[in-house]
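Colleague: Turn this into a structure:
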Amino acid sequence: MKIKSYVINFITNFALAWQLLTVIPLPLNPKEINNLPGRSTAYYPLVGLILGGLLAGSGQLLFAFLPGGLAAALLLTLWAGLTGLLHLDGLMDSCDGLLPPRDPARRLEIMQDSHVGAFGVVGVILLLLLKFNALAAVPAVDRVSALVVGPVLARWAMTWVMARYPPARREGLAVYFGKDVGWGQVGGASVVAAGVGFLFMGWAAALLLFGLTWLTATLVARLALARIGGLTGDVYGAICEVSEAVVLISVVLFS
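Modeller: Numbering: from 1, shown residues only. Okay, here's the model as predicted:
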């Protein structure tokens with residue numbers, strides 16, 4: 001019975017994480033099972049591993065048959081599409097809310113607004129340019145590793161900040177998924193992320209990228225903490241996007 005319960009919990013928590021972070025449908029509807037949503041955060045890097053595998057396989061095919069620029073553009077389009085643009089939307093809202101001079105209450109109102117401002121447009125364009133050029137510049141020998149490890153570490157960063165920093169609002173996505181997140185989830189996510197990093201890049205490179213991802217997530221989280229008193233779902237998405245870009249750029253610089 002314990003094994004059956006463990007398997008059910010694993011599948012349910014993974015499904016919750018998968019449905020939040022991707023647009024690929026699953027036959028299981030986790031809402032039908034009463035699990036604490038925060039427990040699913042331990043599985044975020046596992047979702048990133050599967051996404052990274054899809055991207056790595058697609059990247060190998062695209063770069064084998066198409067010019068580098070076109071292959072990078074199509075791969076970036078697939079990357080954004082697999083997540084339903086969720087994290088990019090969070091990045092845009094975060095840029096609109098956190099960057100211009102406003103009081104905290106007004107910043108939160110802006111981040112809840114469905115309209116996109118100039119800061120959000122410029123922010124997402126710059127990030128996509130960075131990702132596109134990094135994808136085009138990653139050496140072929142390192143492409144699979146970068147495309148697998150990047151999504152894994154970025155989603156580990158989401159789990160880390162959800163456990164480490166308070167939410168900015170009393171309700172919303174950040175509260176729903178974050179209230180049950182503990183260091184057990186961070187530990188589980190860290191084991192998966194560390195294992196993937198070691199297998200694909202070795203300990204030295206994995207530790208370096210871990211450190212850079214942690215620093216990136218911490219800087220963005222501290223900015224949100226200073227300007228709106230905590231983190232939101234939009235900030236989580238921004239951390240994911242920026243962390244992926246940092247990993248790609250780092251692979252290009254240090255390869």
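Colleague: what's the offset of the helix or strand containing Leu88 from the middle of its chain?
Modeller: Secondary-structure assignment from DSSP states H and E places Leu88 in helix 86-98. Relative to its chain's centre, helix 86-98 lies at 13 Å (CA atoms, centre = their mean, to the nearest Å).
Colleague: What is the least confident helix or strand in this structure?
Modeller: For the chain, scoring each helix and strand by mean pLDDT, DSSP states H and E identifies helix 173-178 as the least confident one, at a mean of 68.
Colleague: Average pLDDT for the helix or strand following that helix, rounded please.
Modeller: Past helix 173-178, further along toward the C-terminus, the next helix or strand under DSSP H and E is helix 183-228. Over the span of helix 183-228, the pLDDT mean works out to 94.
Colleague: residue contacts, Thr159?
Modeller: Thr41, Ala42, Tyr44, Pro45, Val181, Gln185, Val186, Ala189 (CB atoms under 8 Å, 6 or more residues apart in numbering). C-beta here means a position set from N, CA and C on the backbone, and glycine is covered the same way.
Colleague: give me that answer again for 6 Å
Modeller: Going by CB atoms under 6 Å, 6 or more residues apart in numbering, Thr159 touches Thr41, Tyr44, Gln185, Val186, Ala189.
Colleague: before we move on, the earlier item: how far off helix 183-228 does the helix holding Leu88 point, in degrees?
Modeller: Put simply, helix 86-98 runs at 40 degrees to helix 183-228, going by axes from the mean of the first three to the mean of the last three CA atoms, to 10 degrees.
Colleague: Show me what helix 86-98 is packed up against.
Modeller: With contacts taken as 3 or more CB pairs under 6 Å, 6 or more residues apart in numbering; DSSP states H and E, helix 86-98 sits against helix 104-112, helix 118-137, helix 233-254.
Colleague: which outside residues touch it?
Modeller: Helix 86-98 is touched from outside by 80, 107, 110-111, 116-117, 119-120, 123-124, 223, 227, 234-235, 237-238, 240-241, with contacts defined as CB under 6 Å, 6+ apart.
Colleague: So which of the helices and strands packed on helix 86-98 is the most surrounded?
Modeller: Counting by mean count of other CB atoms under 10 Å, helix 233-254 has the highest mean neighbour count of the helices and strands packed on helix 86-98, with a mean of 24.
Colleague: what comes into contact with that one?
Modeller: Identification of contacts with helix 233-254 by CB under 6 Å, 6+ apart yields 87, 90-91, 93-94, 111, 127, 130-131, 134, 137-138, 142, 146, 150, 153-154, 157-158, 161, 173-174, 209, 212-213, 216-217, 220, 224.
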